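>>> what's the 3D shape of this:
(chains A and B)
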Number of protein chains: 2
Amino acid sequence: MKILNSVPKEDGFYMPAEFAPHEGCIMIWPERSDSWQNGAYAARRAFAKIAEAISKSEKLTMLVSSKQYETARVMLPPEVRLVECTTDDAWARDVAPTFVINHNGERRGIDWGFNAWGGLVDGLYFPWDNDNHVARKVCDLLDNDTYNLRDFILEGGSIHSDGEGTILTTEACLCSAGRNFDMTKEEITKKLCDCLGAEKVIWLPRGIYNDETNEHVDNVCAFTNAGEVVLAWTDNENDPQYELSKVCLEVLEKETDAKGRPFKVYKLPIPSTPVCMTEEECTGLDLWDGEPTRTVGERLAASYINFYISNDSVIVPAFGDIMDKTAQEVLAERFPERKIVPISARDILIGGGNIHCITQQIPACKNK
Amino acid sequence: MKILNSVPKEDGFYMPAEFAPHEGCIMIWPERSDSWQNGAYAARRAFAKIAEAISKSEKLTMLVSSKQYETARVMLPPEVRLVECTTDDAWARDVAPTFVINHNGERRGIDWGFNAWGGLVDGLYFPWDNDNHVARKVCDLLDNDTYNLRDFILEGGSIHSDGEGTILTTEACLCSAGRNFDMTKEEITKKLCDCLGAEKVIWLPRGIYNDETNEHVDNVCAFTNAGEVVLAWTDNENDPQYELSKVCLEVLEKETDAKGRPFKVYKLPIPSTPVCMTEEECTGLDLWDGEPTRTVGERLAASYINFYISNDSVIVPAFGDIMDKTAQEVLAERFPERKIVPISARDILIGGGNIHCITQQIPACKNK
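Numbering: from 1, shown residues only, chains lettered A, B, ... in the order given. Predicted structure coming up:
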């Protein structure tokens, strides 16, 4: 693996869309007792189900600590490849590399800086040094050269690409004080275009209410095809999500993508009943610096947008809500060639994210 | 990766010779301060040279602790793939899987039991649980199914295969009290044949003088071709190695291999001057349970037999002895199609083994 200090766009590399063909997917086995309740046993079962669903159409590599290797080996199907890797938590979307490819089908990985969603300003844990080394290690594992972009703080969950020059992100996250405080929005726009081989960044103002990532785009809006997005939505004007989704819709309705196309926006409901922490769940979490990591009744950032597009399926969170079915129907229309696979995701959501947050696709390439 | 409880031989799998084509090679980055003097810096430089030499003709995967990942990445050429793995030391030959293939070109790995060369009887460190998990993890990494043979204690350095049904081993090691004390020599013979897909085991009585592995075969005798071996040798009757080599020669001269061929035995000299620990080297090693791990003047088990056969080279230890050149000449005659690459190996030898001990070949196969 070579460590590169050049610019992906100048090298002819770009980030393909998630709906383009994958070689595989990276996940990380959950373990951290202040993120995952009751020793992470329920979370592991949920992760195992997701890994199994993804494995049906692409190679799933699960990163795991040395300590948990044998347990994970028994809980996961033989199709899943288990590889040891020291991490601080289990958010592959945010700590694994963002992969870029070129038109010859070669693949490289981007090693962004990672500071646990805000560093010492409003980050979610400390330290995060193991997480910050994951991207490079994954590139090494795959024998893909890696771009050294550790001086720019970015998590994979804060960007989406249509593979045709358009990047989706949120201002709430990328312009937050805990990330690249010394860069203007214009400078960040140029950085994203340079790194992801893109022409245009669509800046959605906000994300999902109470999303502790500073409102990652991957919880509120996602490409389902070039020129097409799904947007988390509620018609309930009293719901705090209403205003957040509305300002995003306003941007999408007036913007065009890099190819000059207006966006087709499909609304995906949020759960009809807010998903909130129970007392049992709260007392099953280790304290952090002596304080609770979650409080009883706290509303979690539940969103069906946090799905993963595998080669043959869309793996979508289910919350036992009446909107589960509606969300699946909307997605089935948007992805007519894929199966819609709902997986009960409450035990992942408690950790602070969902199915998209714990996965990172490896685009298909020819330089293996 | 599937964990198999069947018998390799019955499944049609056998261990190919080291001189057969390789897909790659596994090594482990040295770190342990009671094995490698002065913080392992000299050992790392030697390991890096060996990795670079092997990389020229096959893919080298270096296993490394999380802590040493960045240092190893800088010290190793980009061609080397670095993968995180927790180990207790750096002996890939003894802790990585022994690979077996079948005639369709499929490959599987054997996960032997490992107890640090003798467990609580005469093992060399405690604990050894991380090492005992390496073989399975490497099979997982390569996506090769693995035979669960953890109930049988064996290190890769204690066996050689000609790929045509013959296994070389030593009685001093395989019949030692710290390994499979409850098995007879006949039972061990059957076990080796079953696991390695072989027909016949050649039992050499002894190995190299003062070899703390209980005299592994890979330090005293090696196949250079089917029906051909090199044997460590000295003509000096006063050298403690003389009797040990002599009893091995007597066995080889009267034995035939699995195909009924008598062995052609080529003598490879040992260094003319014993390689012994200096005071500086000794004081550069951490103590173990309060005791020195090596003593000043201690004779090390230096042997040119401990070479590695890569696809295009034979990487052979050099000790700065007048016999270095003789050994290289003998090997050049035995391997006319390979380059002979001597590498100064004192800093590896101090750890207790040599180039063969720190490498494990991955035979070429078709099930990648």
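>>> could you check the distance from A:C85 over to A:V138?
When distance is defined by C-beta to C-beta, to the nearest Å, A:C85 is 8 Å away from A:V138. In this view, the C-beta of every residue, glycine as well, is placed from N, C-alpha and C.
>>> overlap in contacts of those two?
A shared contact of A:C85 and A:V138, defined by C-beta atoms under 8 Å, 6 or more residues apart in numbering or on different chains, is any residue touching both; here these are A:L63.
>>> And for the nearest residue to A:E243 once chain neighbours are set aside, the neighbour number?
Counting by C-beta to C-beta, 6 or more residues apart in numbering or on different chains, A:R206 is the residue found nearest to A:E243 once chain neighbours are left out, at 7.9 Å. Applying the criterion other C-beta atoms under 10 Å in any protein chain shown, we find 22 residues in the vicinity of A:R206.
>>> Just give me how far stretch A:237-248 sits from the chain centre.
How far stretch A:237-248 lies from its chain's middle: 22 Å, per C-alpha atoms, centre = their mean, to the nearest Å.
>>> and the nearest residue to A:Y304 once chain neighbours are set aside, how many neighbours?
The shortest distance from A:Y304 to any residue that is not its chain neighbour, by C-beta to C-beta, 6+ apart, is 3.8 Å, and that residue is A:A327. Burial measure for A:A327: 26 neighbouring residues, criterion other C-beta under 10 Å.
>>> Alongside chain B, which residues does the stretch 101-250 of chain A contribute?
When proximity is defined by C-beta under 8 Å from any C-beta of the partner chain, the stretch 101-250 of chain A lies next to chain B at A:130, A:133, A:136-137, A:140-141, A:143, A:145.
>>> could I get those as CSV with neighbour count, secondary structure and pLDDT?
Putting these into CSV (neighbours: other C-beta atoms under 10 Å in any protein chain shown; DSSP: H, G, I helix; E, B strand; the rest coil; pLDDT from 0 to 100) gives the following:
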residue, neighbour count, secondary structure, pLDDT
A:N130, 17, helix, 98
A:H133, 23, coil, 97
A:R136, 21, helix, 98
A:K137, 30, helix, 98
A:D140, 26, helix, 98
A:L141, 22, helix, 98
A:D143, 16, coil, 96
A:D145, 19, coil, 98
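>>> Could you single out the nearest of these to B:G320?
Distance ranking of those against B:G320, using C-beta to C-beta, places A:D140 first at 34.5 Å.
>>> Do a quick rundown of the strands in the stretch 201-350 of chain A.
In chain order, the stretch 201-350 of chain A shows strands spanning A:221-225, A:228-233, A:264-269, A:308-309, A:313-318, A:339-344, with DSSP state E, counting those that start in this stretch as the criterion.
>>> where does chain A dip in pLDDT?
Within chain A, the ranges that satisfy pLDDT under 70 run A:367-368.
>>> gap between A:F263 and A:T256?
From A:F263 over to A:T256 the distance is 7 Å, taken as C-beta to C-beta.
>>> Count the residues that sit near the residue lying closest to A:T326 once chain neighbours are set aside.
In space, and not counting its chain neighbours, A:T326 is closest to A:P269: 5.4 Å by C-beta to C-beta, 6+ apart. Applying other C-beta under 10 Å, we find 19 other residues in the vicinity of A:P269.
>>> residue boundaries of the helices in the stretch 201-350 of chain A?
A:241-254, A:279-283, A:323-334, A:346-349 (DSSP state H, counting those that start in this stretch).
>>> hmm, back to that, I'd guessed the residue nearest to A:Y304 sits against A:Y266; true?
No. Distance between A:A327 and A:Y266: 10.9 Å, which falls outside the contact criterion (C-beta atoms under 8 Å).
>>> which ones are touching the closest residue to chain B within the stretch 101-250 of chain A?
Closest contact between the stretch 101-250 of chain A and chain B, by C-beta to the nearest C-beta, is at A:D140 (4.8 Å). Residues counted as contacts of A:D140 (C-beta under 8 Å, 6+ apart) are A:1, A:146, B:73, B:81-83.
>>> how close does the residue located most distally from the centre of chain A sit to A:D34?
Of all residues in chain A, A:G290 has its C-alpha farthest from the mean position, at 28.8 Å, by C-alpha atoms, centre = their mean. Shown here: A:G290 relative to A:D34, a distance of 11 Å by C-beta to C-beta.
>>> Next: A:I54.
Relative to A:D34, and taking C-beta to C-beta, A:I54 is found at 27 Å.
>>> Have a look at the two and say which one is more surrounded.
Taking neighbours as other C-beta under 10 Å, A:I54 and A:D34 compare with A:I54 leading, 27 against 18.
>>> Now that one: which helix or strand?
Under the assignment given by DSSP states H and E, the secondary-structure element containing A:I54 is helix A:41-55.
>>> How far off centre is that helix?
Mean C-alpha position of helix A:41-55 versus that of the full chain (C-alpha atoms, centre = their mean) differs by 16 Å.
>>> if we look at the very next helix or strand once past that helix, which residues are touching it?
Note on helix A:41-55: by DSSP H and E, the next helix or strand toward the C-terminus is strand A:59-64. Strand A:59-64 has contacts (C-beta under 8 Å, 6+ apart) with A:23-29, A:47, A:51, A:54, A:72, A:76, A:79-85, A:87, A:92, A:134, A:138, A:141.
>>> List only those of the residues you listed flagged as buried.
Applying 16 or more other C-beta atoms under 10 Å in any protein chain shown to these, the neighbour count classes A:23-29, A:47, A:51, A:54, A:72, A:76, A:80-85, A:87, A:92, A:134, A:138, A:141 as buried.
>>> what separates A:K2 from B:Q328, distance-wise?
With distances defined as C-beta to C-beta, the gap from A:K2 to B:Q328 amounts to 33 Å.
>>> So between these two, which is more surrounded?
In terms of neighbours (other C-beta under 10 Å), B:Q328 is the more surrounded of A:K2 and B:Q328; the figures are 19 against 12.
>>> residues contacting that one?
Taking C-beta under 8 Å, 6+ apart, one finds B:316, B:340, B:342 in contact with B:Q328.
>>> I figured the second one hits B:D312, correct?
Right, B:I340. No. Between B:I340 and B:D312 there is no contact, the gap being 11.0 Å when judged by C-beta under 8 Å.
>>> Which one's more surrounded, the two?
Using other C-beta under 10 Å, the more surrounded residue of B:I340 and B:D312 is B:I340, with 18 against 14.
>>> Tell me the spacing between the more buried one and chain A.
Look at B:I340 and chain A: by C-beta to the nearest C-beta, to the nearest Å, they are 29 Å apart.
>>> hmm, stretch A:350-364 in reach of chain B?
No. Contact of stretch A:350-364 with chain B is not found when judged by C-beta under 8 Å from any C-beta; the minimum separation is 14.4 Å.
>>> Work out the gap between that stretch and the centre of the chain.
With C-alpha atoms, centre = their mean, you get 5 Å for stretch A:350-364.
>>> so how far is B:R338 from A:W36?
Distance from A:W36 to B:R338, by C-beta to C-beta: 52 Å.
>>> A:P269 too?
As for A:P269, its distance to B:R338 is 67 Å (criterion: C-beta to C-beta).
>>> ok, for A:G12, nearest residue in space, not its chain neighbours?
Residue nearest to A:G12 in three dimensions, not counting chain neighbours: A:N102, with 4.5 Å by C-beta to C-beta, 6+ apart.
>>> List the contacts of the one you found.
Applying C-beta under 8 Å, 6+ apart, one finds that A:N102 lies in contact with A:11-14.
>>> Counting neighbours, what do you get for the closest residue in space to A:E253 that isn't next to it in sequence?
Leaving aside its chain neighbours, A:E253 sits nearest to A:V265 (6.9 Å; criterion: C-beta to C-beta, 6+ apart). Taking other C-beta under 10 Å as the neighbour definition, A:V265 ends up with a count of 15.
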